[in-house]
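Peer 1: make a model of this:
(4 chains)
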2 protein chains.
Amino acid sequence: MAGQSKENTRYLSDAAADDDTIDFEIIELLFFAYRDFTSDPDAILEKSGFGRAHHRVVHFVDREPGMTVADLLDTLKITKQSLARVLKQLIDSGYIRQETGPEDRRQRMLYTTEEGQALARALAEPQSRRIADALARTGPGARETVKRFLAGMKNNAAD
Amino acid sequence: MAGQSKENTRYLSDAAADDDTIDFEIIELLFFAYRDFTSDPDAILEKSGFGRAHHRVVHFVDREPGMTVADLLDTLKITKQSLARVLKQLIDSGYIRQETGPEDRRQRMLYTTEEGQALARALAEPQSRRIADALARTGPGARETVKRFLAGMKNNAAD
DNA sequence: AAAAATATGTCAGCTTTGTTGACATATTTT
DNA sequence: AAAATATGTCAACAAAGCTGACATATTTTT
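Peer 2: Numbering: from 1, shown residues only, chains lettered A, B, ... in the order given. Below you'll find the model as predicted:
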């Protein structure tokens, strides 16, 4: 059962070595998991007229109130010009507001408004439910293992 | 340091309940894990002049030789016009070839060429190493748990 | 005080990768 | 013969990334 279907036999000879050294299985599981995970909030986003880029911004600002523009750029790993477009729309629509930094007045500290907070929570909800279901089906103790694995997949401090 | 501004305190009370019910922690871990996981092959892709869309196509065709265009569309969940652009480039560059379906001559069965296979493996290699490192640091038995969790995150058959 | 560095914003143009809609061709099914 | 299917293609458009250049306010350094 764990082995070959008929389609596989055609290329097993050449690829056998690589198939043993490369973890195609988890590569693909990650792709499918993330593909469906990110599609969860799409219905809500469509109603707001926003996209996934807006989702990420609202999420992180909601999670870390008072973060600066530079913080956000570092988290998202995109350019400030990319962020500007999305952030401006969120500010103009009243989902995010800015405040001049209390110590360094060049900085803009970012906060979600009530609406922004509500949006962030609404978007997170179906994703959270998907995670809870998957963890429940995986078994007890899964949460700790999954957390350690995912944390280990992230790059270290050096950016 | 944390809640210096009145803005913070305003919604802390409201949000406490949500923070308990919504799994923000794993949502974020997934984001960072996937962000860095997908950035692994970027250096190789840049040399080939391809993007992440090409990566996905070469990967799945390499993994399931003989898959049809319809199979690939269903896997990637994009439109045929989106796929066409990328697929055509890969065929023209000699990384993927097509063969008329032996039973249904309307179908085009897709195969990687030698170059395509080499590219697919080269792209998978850093990702696989990242996974192996993360699993090793997570501990014994992690692989099974992670597999079960990721599989559970995917949508069921019904599309 | 002057100069340099920093944080942010903005303009302009480009690329990749997705979308819809319409239509063409070959082939298979009804 | 007609309808359905698998694929390809044209055209226009949208989302979200990019680079480069430059402006403004503010802080840090000299």
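Peer 1: any idea which helix or strand comes after the helix or strand bottoming out on mean pLDDT in chain A?
Peer 2: Within chain A, no helix or strand scores below helix A:6-21, which has a mean of 50 by mean pLDDT, DSSP states H and E. Counting by DSSP states H and E, the next helix or strand C-terminal to helix A:6-21 is helix A:24-39.
Peer 1: check the offset of that next one from the chain's centre.
Peer 2: Its chain's average C-alpha position is 12 Å from that of helix A:24-39, according to Cα atoms, centre = their mean, to the nearest Å.
Peer 1: show me what it packs onto, helices and strands only.
Peer 2: helix A:114-138, helix B:24-39, helix B:52-63, helix B:114-138, helix B:142-153 (3 or more Cβ pairs under 8 Å, 6 or more residues apart in numbering or on different chains; DSSP states H and E). All C-beta atoms are positioned from the backbone trio N, CA, C, and that covers glycine.
Peer 1: just the CA atoms of the very next helix or strand once past that helix, as CSV, please.
Peer 2: Downstream of helix A:24-39, the first helix or strand assigned by DSSP H and E is helix A:42-48. Taking C-alpha atoms only, helix A:42-48 is exported to CSV below (Å, rounded to 0.1, in the frame of the first residue of the first chain):
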residue,chain,number,x,y,z
ASP,A,42,-11.5,34.6,0.1
ALA,A,43,-15.2,34.9,0.4
ILE,A,44,-14.9,37.5,3.1
LEU,A,45,-12.2,39.4,1.3
GLU,A,46,-14.3,39.6,-1.8
LYS,A,47,-17.1,41.2,0.1
SER,A,48,-14.7,43.9,1.5
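Peer 1: hmm, back to that, return the most buried member of the helices and strands packed on helix A:24-39.
Peer 2: Neighbour counts (mean count of other Cβ atoms under 10 Å in any protein chain shown) averaged over each of the helices and strands packed on helix A:24-39 peak at helix B:52-63, with a mean of 22.
Peer 1: what mean pLDDT does that helix get?
Peer 2: Across helix B:52-63, pLDDT averages out at 98.
Peer 1: show the model's pLDDT score for residue A:146.
Peer 2: pLDDT recorded at residue A:146 is 98.
Peer 1: which residues touch the nearest residue to it once chain neighbours are set aside?
Peer 2: Nearest non-adjacent residue to residue A:146, counting by Cβ to Cβ, 6 or more residues apart in numbering or on different chains: residue B:149, 5.0 Å away. Contacts for residue B:149 (Cβ atoms under 8 Å, 6 or more residues apart in numbering or on different chains) come out as A:134-135, A:138, A:142, A:145-146.
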